[in-house]
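# The following comprises the amino acid sequence and a computationally predicted model.
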Amino acid sequence: MQVYTVDLYEYFGLPRGTAKGGMLNCFVRGKGHGVISRPAMLVLPGGGYRSCSDREAEPIALRFMQQGFHAFVLTYSVAPESTYPTPFLEASLAVAYIRRNAESLGVNQGQIAAVGFSAGGHLLGLISNAFQHTPAKELLGEDGLFFRPDAAIYSYPVITANPEHAHKDSFFALVGDNAEMHKFVSIENRVNKDSAPAFIWHTVADGLVPVENSLILASALQKAGVPFALHVFTSGPHGLSLCDEETVCGMPDYINPVASKWVSLAEEWLKERGFARKTV
């Protein structure tokens, strides 16, 4: 296994400016035992666009590696140094790096999935639904679909700027108090027929990002004719991550055997969509 970090600004020859993120941590498995290529999983941690949560980063990558994926964790730039569109650009560059290097990395073409948590779920929503608006298009000269993951896994995501259901601090950290920009980056307004197929999970008891965020996303995907799966669990606070001892961090409420099934459900959903190792 190779473990290394790519500075996406350096790799693509782009000026960094004030951005402190844009670092892609790569966990690339070997090609032994007859395996010639694998699907990829890009991990986008949460943190309200003010940080990147360690609990929703490496542990997630390692779990999907156990299921045969190459894994990539993006540490993206956050407020106050960086606001929109910087995180959107960096997430787009992360997909572009994996797609451009798919052959050398041993990644199956058309099998780049991404998983996003909380505000990372919102960032996932941008690259999965607003990909034709990404600033990476002009910089790299590729069509927006180049930057869209082939499947999206939303974990208790921030979706809507509707004041009734919004996690307002995430939107203020990303775009300030600009009402028009709040509407523009509200993910349900960006869903279209070419949006990435989606797996969504949330808990009814989430007291920080209301479950309506996932319900609104599912409704928008249904109207656009985009395939999706939605799983809503009854109990569990915001920020569950893997829901087990690996990510509990001294908070017993974060151990939730029922909600922890999201991981195996997502893995089965990806298998149904053809995400699998290729062997000789």
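Looks like it came in fine.
# mind checking the longest helix of this structure?
The longest helix of the chain (DSSP state H) is helix 86-100.
# who touches it?
For helix 86-100, contacts defined as Cβ atoms under 8 Å, 6 or more residues apart in numbering pick out 6, 8, 11-12, 14, 19, 21-22, 24, 40, 42, 44, 49, 72, 74, 76-78, 105, 107, 112, 114, 123-124, 126-127, 130-131, 134-136, 139-140, 142, 146-149, 174. Bear in mind the C-beta positions are built from the backbone N, C-alpha and C, glycine included.
# let's go with 6 Å and repeat that
Residues from elsewhere that reach helix 86-100, judged by Cβ atoms under 6 Å, 6 or more residues apart in numbering: 8, 12, 19, 21-22, 24, 40, 42, 74, 76-77, 112, 123, 126-127, 134-136, 147, 149.
# Keeping just the C-alphas, turn the following helix or strand past it into CSV.
Counting by DSSP states H and E, the element after helix 86-100 in chain order, helix or strand, is helix 102-105. Extracted C-alpha coordinates of helix 102-105, given in CSV (Å, rounded to 0.1, in the frame of the first residue of the first chain):
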residue,chain,number,x,y,z
ALA,A,102,-6.9,6.5,-12.9
GLU,A,103,-4.8,4.1,-14.9
SER,A,104,-1.6,4.6,-12.9
LEU,A,105,-3.5,4.5,-9.6
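# What are the buried residues along helix 102-105?
Neighbour counts using 16 or more other Cβ atoms under 10 Å place 102, 105 of helix 102-105 among the buried residues.
# what about that helix, average pLDDT?
Averaging pLDDT along helix 102-105 yields 95.
# Just the buried positions in the following helix or strand past it, please.
Later in the chain than helix 102-105, the nearest helix or strand by DSSP H and E is strand 107-117. For strand 107-117, a neighbour-count test (16+ other Cβ under 10 Å) marks 107-108, 111-117 as buried.
# what two of those are the furthest from one another?
In terms of Cβ to Cβ, those reach their longest pairwise distance at Asn108 and Phe117, which sit 24.1 Å apart.
# which secondary structure elements does the helix or strand of the chain with the lowest mean pLDDT contact?
Lowest by mean pLDDT, DSSP states H and E among the helices and strands of the chain is strand 278-279, with a mean of 86. For strand 278-279, the contact count by 3 or more Cβ pairs under 6 Å, 6 or more residues apart in numbering; DSSP states H and E identifies strand 35-44 as packing neighbours.
# So in that sheet, which strands flank the strand it packs on, and in what orientation?
strand 70-75 (parallel), strand 107-117 (parallel), strand 278-279 (antiparallel) (DSSP bridges).
# Between helix 86-100 and that strand, find me the angle.
Angular relation of strand 35-44 and helix 86-100 on a 0 to 180 degree scale: 180 degrees, by axes from the mean of the first three to the mean of the last three Cα atoms, to 10 degrees.
# what's downstream of strand 35-44, the next helix or strand?
That would be, after strand 35-44 and using DSSP H and E, helix 58-66.
# counting contacts, what elements does that following helix pack onto?
Short answer (3+ Cβ pairs under 6 Å, 6+ apart): helix 58-66 packs on strand 35-44, strand 70-75.
# Outside of that helix itself, list whatever touches it.
By Cβ under 6 Å, 6+ apart, helix 58-66 touches 27, 41, 43, 71, 73, 242, 246-247.
# out of those residues, who's nearest Ala179?
Val43 (31.4 Å).
# does that closest one really touch His70, like I thought?
No: with contact defined as Cβ atoms under 6 Å, Val43 does not count as touching His70 (11.4 Å).
# Sweet, I'm off.
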